[in-house]
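**Q** make a model of this:
(one chain, ligands or ions: 1)
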Amino acid sequence: MLRDHFATDYIEDTCEIDDAFPHAIVAQRDSVVGRTMRRLTCSLLLLMAAAAICQAQQPRFRVLAFYSEHTEPDHVEFGEQAVRFLRSLAKKDHFSLKTTTNFEVMRMPTLKRYRLVIWLNDLPSSPQQREAFAQYMDSGGGWLGFHIAGYNDSSTKWPWFVGLLGGAVFESNSWPALPATLRVEDRTSPVTRGLPPSFVSPANEWYIWQPDPRQNKDVTVLLSLDASNYPLGWKDTLAGGDLPVVWTNTRYRMLYINMGHGDKIFTSPIQNRLFENAILWLCTKKETGPALGQAP
Ligand code: ZN
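**A** So this is what the prediction gives:
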């Protein structure tokens, strides 16, 4: 079932209709021509006013978020909290948000209506869904993936998606979910605007990748795990190594964010700002560069 959650309280209209009519038309009030002209002028003004109101209420952009209610409980919890977070953001930043658990709507006619597609806690599994998404991204679509949405290994069998992630393949993860200090590597990006050089990110399950996406010249790493966190985890321990947490493959309008496990993710105002920045950047980013829309 497709669930509609359009934000409705966009920018309030402040236009008023000016009721001053041209004197020349008023002087002909007794003539048929005068009455017709007056009606036409009135209609035109009303149409212009309606158009102005309509424009003022238009969302800045449209976002479609996919999530699953039938995956690992910690990921479901994150997904539900993320939907609430996105709804509040849609109102604050004046964009339209649609959320759905139905991955079957991942078809080009639907996708192309949206400036940004978000995967909160799952990814498409059928060849048709995957093909439609690849076509959308190769046509200049936008994507934001959280945590498990970027998971891929030898069983995933979707090479195009590995390319979208800049070549990153899941290798291992920390366990249990723990907070970690993140280092902001690029403080000039709009995605990291207002963030301190480092901050403690709430409890999360952290992924390490092999190949490391940093090896790809088209990848820009924005945040990474600070080395002071190692060893990280008790049951499954990450002993060391480069661990990019947020990155973009500059050949696409995309961003991957590793956070997305459990019910603590949205407890950090700093991290919430990162999420907001990420969405606004992806939705307002200019399509520049010869490689945009081309498969790697
Ligand atoms: Zn997880």
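**Q** quick check: the residue in the stretch 101-250 of the chain positioned nearest to the ion vs R214, distance?
**A** Across the stretch 101-250 of the chain, the shortest distance to the ion (C-beta to the ion) belongs to E205, at 3.9 Å. From N, CA and C alone the C-beta is placed, and that goes for glycine too. To R214, E205 is 20 Å away according to C-beta to C-beta, to the nearest Å.
**Q** these two: who's more crowded?
**A** E205 (22 against 19; other C-beta atoms under 10 Å).
**Q** what count of nearby residues applies to the nearest residue to the more buried one once chain neighbours are set aside?
**A** Excluding the flanking residues, the one nearest E205 by C-beta to C-beta, 6 or more residues apart in numbering is H261, at 4.1 Å. H261 has 26 neighbours, counted by other C-beta under 10 Å.
**Q** same check on L46?
**A** Neighbours around L46, by other C-beta under 10 Å: 11.
**Q** looks to me like it is in a helix.
**A** Yes: checked against DSSP: H, G, I helix; E, B strand; the rest coil, L46 lies within a helix.
**Q** list of residues touching stretch 153-161?
**A** Taking contacts as C-beta atoms under 8 Å, 6 or more residues apart in numbering, the residues outside stretch 153-161 that touch it are 123, 130, 134, 152, 162, 169-170, 295.
**Q** if we go to 7 Å?
**A** Applying C-beta atoms under 7 Å, 6 or more residues apart in numbering, the external contacts of stretch 153-161 come out as 130, 134, 152, 169-170, 295.
**Q** mind checking which of those residues land in helices?
**A** 130, 134 (DSSP state H).
**Q** most widely separated two among the contacts of stretch 153-161?
**A** Across the contacts of stretch 153-161, no pair lies farther apart than F170 and A295, at 21.2 Å, counting by C-beta to C-beta.
**Q** neighbour-wise, which of the two wins?
**A** F170 (18 against 12).
**Q** so what sits opposite that one in the bridge?
**A** W209 (DSSP bridges).
**Q** from D138, how far out is it?
**A** For F170, the distance to D138 - C-beta to C-beta - is 23 Å.
**Q** also L238?
**A** 34 Å.
**Q** nearest to the ion: which residue in the protein?
**A** H261 (3.4 Å).
**Q** what pLDDT does the model give that residue?
**A** Predicted confidence (pLDDT) for H261: 98.
**Q** and for R38?
**A** 73.
**Q** swap in K286?
**A** So K286 comes in at 79 (pLDDT).
**Q** secondary structure class for it?
**A** Looking at K286 with three-state DSSP, the answer is coil.
**Q** quick revisit: which one of L238 and D138 has more residues nearby?
**A** Taking neighbours as other C-beta under 10 Å, L238 and D138 compare with L238 leading, 21 against 15.
**Q** tell me which residues touch that one, please.
**A** Under the criterion of C-beta under 7 Å, 6+ apart, the neighbours of L238 are 172, 174, 206, 208, 230-232.
**Q** ok, 8 Å please
**A** 172-174, 206, 208, 229-232.
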